[in-house]
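S.K.: sequence unavailable; structure follows:
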């Protein structure tokens, strides 16, 4: 292995973790490898970062990323700024200057991944991004290499620790969404503006990356349906629990013939589903492959050292030359075309949990089930609760698999009944 | 990528799965890669295999493996015979003839892995063995590459599907060990002679492979302590369940300073431990690393297509040249020395579940706890059951962490009490 020098741009929490591993005197890398990536330079717009880090003098520190990009001694740029700009320009410049790239930037890859991958190919360089999904979980490598002999049938994951923390807290301690969010913010698990997490946007960025690799297709990120957890009611968590289901925010990509469903939303899982027991800030991704069947990878989806663990694994991959081989051999990156149709929300097919708020009169159930039947939605189970809310009674139903377009039509019609009070709540159910 | 031809020796269930993937016209490999491994020849001692397989005419079939070993057009040998002989001789010959090797042979690698790895290095070739542990789960790649930035602290896994099926059935359906085994045999999950599985030998083979990679050390396979599930009592499964624990056969490698514990035995796990919910023939391995924290990989640990999925992933790795790079870069293979001491069973430190069969008299508990205290074993909880067995009462205790040598001494002393009837049962407990 040749000398292999690393330039790190963006010195936040994860960057400091990467530096810590690379600078450790008795690094696990040195134990395992004959030759290891060497941290050559760090760039951060905040000049105070330097003194905070207590860097050895041989490491170049600059507030100007260009200095690292222009340094011919640096073979790989680690981009840890996040967001689209200037990360995109930095990665582009690095590739143009003949440097490989390692990044944890899920938003950038979701929005502009294919363009950047094409740019990398054009320059004979690679982009590695294990840290962009699932923190320290080696899900990208598994999906790309470990399961290469498989036709991927579905990807279903909990890929956002913040929302999983909130939902776990709501479920276990019966606190409301707002209280759970406040606690997550207090503990540093949620940002002051939690929109990216709680609206499912972060999860959909990660889903874009996983689905492109898994299905070997390109698609516009905006085609991913996403719905967050802001309107999740504690009562639905509990009714679902009683029926044997756990509520999770899932990122799902499923292939059915030549169509893929790409969706992020709160969903109910049977208690014995492997994702049901994923607690707190942990992440887990289930993959179903034609040969391997069902598999799952589980671990810390965020945090300084787990994410740094993935970044450094990528650096070793680049340093050994494996990343370049993989990147050029895989047709599935930067194919630049949609091989499969993307399903519209009205085409989604799942089971549903429905909670109607009804006036407690005879014949209500008959009317509702009649309308559902008309739209080919069959009922799997019904629970009528005694607990009254504003004088109305919650009527909870689980349906068999149905098309969402039909469900929407049925719900609109049911909403017209004079025995129906308030809006009907529905949640999608993943049975497998 | 150059033309890359595969010779497959040993055409059992897994071999047929590998052939199926490689021969598929619309193979997922062709979708994903520009150039794929080509099945060139098959060797099996049973000549009838040929007609059963319905092989295309361009594929050489022979009952003599030497024909493939001597064929200069074949670049990689897949060894799927299993067992030590003649697998070892075949792999050695393949390496000597300049061919890379892919194998699923856990017994051979457990017993002679280091010797074979040195042989491979000597000839500048590689041995890939993802399929040897956890079937389709990419655990070898994760431990070796994905977690390379980590100092591995512990490996704890369910790596034998047969015993996990039996224990799951005993737990869920309250059937005895013999009945569960008979059912497993009927379903083809257990062999007619189930010794390798139920005595924990298969699990210890797999643990040898995982621990050598994880801790980057060599050790004699015979140093692994192993204990099977033959003497697991249904009653202990149920007392433990009541206390919040699930019984599993675990393969554990744990590092504490410069000593490693290597042990396979039935153990109790808290219900909320990620391994507790691994059901039936599924496998799962938990890894704790210095950076990544706790991670888990889960999937089908055996079976035709899951195992074939891992073999083919290895073939791609060899074909692309990555396997060779990895094999030569990793110091952790074939180091040839024990970097760490291996703990003796009396040095093991765990919590314990104890079930005494006592005469229901005042003062019994005081005597037992007195003796335990003398040996520095402190009690975490006690349940005395009313259910009498032969007029005696089961007294169940959970202890805090203690050294097994102390426990053995304490139990020997307790056994002398005249209020103690029958042997005392003990089970190790993994709290983390």
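M.R.: Noted; the coordinates are in hand. Remember, it's a predicted structure, so these values are computed and weren't measured experimentally.

S.K.: which stretches in the stretch 151-300 of chain A count as strands?
M.R.: A:152-158, A:225-226, A:245-256, A:259-270, A:282-289, A:293-300 (DSSP state E, counting those that start in this stretch).

S.K.: poorly predicted segments of the stretch 201-350 of chain A, please.
M.R.: A:332-337 (pLDDT under 70).

S.K.: from chain B, how far off is the nearest residue to residue A:133 once chain neighbours are set aside?
M.R.: Nearest residue to residue A:133, sequence neighbours excluded (CB to CB, 6 or more residues apart in numbering or on different chains): residue A:206, at 4.4 Å. For every residue, glycine as well, the C-beta is placed using N, CA and C. Noted for residue A:206: a distance of 17 Å to chain B, by CB to the nearest CB, to the nearest Å.

S.K.: now swap in residue A:201 and tell me
M.R.: The value you get for residue A:201 to chain B, if CB to the nearest CB is used, is 25 Å.

S.K.: how about residue A:10?
M.R.: 18 Å.

S.K.: tell me how far that residue lies from residue B:175.
M.R.: 57 Å (CB to CB, to the nearest Å).

S.K.: repeat that for residue A:80.
M.R.: Going from residue A:80 to residue B:175 by CB to CB gives 54 Å.

S.K.: between these two, which is the more surrounded one?
M.R.: More crowded of residue A:80 and residue B:175, by other CB atoms under 10 Å in any protein chain shown: residue A:80, with 26 against 16.

S.K.: residue A:72: how many residues sit nearby?
M.R.: 9.

S.K.: what sits against residue A:371?
M.R.: A:410, A:413, A:414 (CB atoms under 8 Å, 6 or more residues apart in numbering or on different chains).

S.K.: near chain B, which residues of the stretch 51-200 of chain A are found?
M.R.: A:130, A:135-138, A:141-142, A:145-151 (CB under 8 Å from any CB of the partner chain).

S.K.: of all the contacts of residue A:371, which comes closest to residue B:30?
M.R.: Closest to residue B:30 out of the contacts of residue A:371 is residue A:410 (43.5 Å), distances taken as CB to CB.

S.K.: quick one: contacts for residue A:283?
M.R.: Here residue A:283 is in contact with A:134-135, A:137, A:157-161, A:164, A:298-302 (CB under 8 Å, 6+ apart).

S.K.: export those residues as JSON lines, with columns for neighbour count and distance to residue B:376.
M.R.: Formatted as JSON lines, the contacts of residue A:283 follow (neighbours: other CB atoms under 10 Å in any protein chain shown; distance: CB to CB, whole Å):
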{"residue": "A:134", "neighbour count": "32", "distance to residue B:376": "42"}
{"residue": "A:135", "neighbour count": "30", "distance to residue B:376": "40"}
{"residue": "A:137", "neighbour count": "32", "distance to residue B:376": "39"}
{"residue": "A:157", "neighbour count": "31", "distance to residue B:376": "45"}
{"residue": "A:158", "neighbour count": "26", "distance to residue B:376": "42"}
{"residue": "A:159", "neighbour count": "31", "distance to residue B:376": "45"}
{"residue": "A:160", "neighbour count": "29", "distance to residue B:376": "45"}
{"residue": "A:161", "neighbour count": "26", "distance to residue B:376": "40"}
{"residue": "A:164", "neighbour count": "26", "distance to residue B:376": "40"}
{"residue": "A:298", "neighbour count": "27", "distance to residue B:376": "36"}
{"residue": "A:299", "neighbour count": "31", "distance to residue B:376": "35"}
{"residue": "A:300", "neighbour count": "24", "distance to residue B:376": "35"}
{"residue": "A:301", "neighbour count": "27", "distance to residue B:376": "40"}
{"residue": "A:302", "neighbour count": "21", "distance to residue B:376": "40"}
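
S.K.: out of these, the closest to residue B:398 would be?
M.R.: Among the contacts of residue A:283, residue A:298 lies closest to residue B:398 (CB to CB), at 26.6 Å.

S.K.: contact partners for the closest one?
M.R.: Neighbour list for residue A:298: A:137, A:278, A:282, A:283, A:284, B:274, B:295, B:296, B:297, B:298 [criterion: CB under 8 Å, 6+ apart].

S.K.: just the buried ones from the residues you listed?
M.R.: Neighbour-count burial (16 or more other CB atoms under 10 Å in any protein chain shown) is assigned, among the contacts of residue A:298, to A:137, A:278, A:282, A:283, A:284, B:274, B:295, B:296, B:297, B:298.

S.K.: what is the burial count for residue A:14?
M.R.: Applying other CB under 10 Å, we find 25 residues neighbouring residue A:14.
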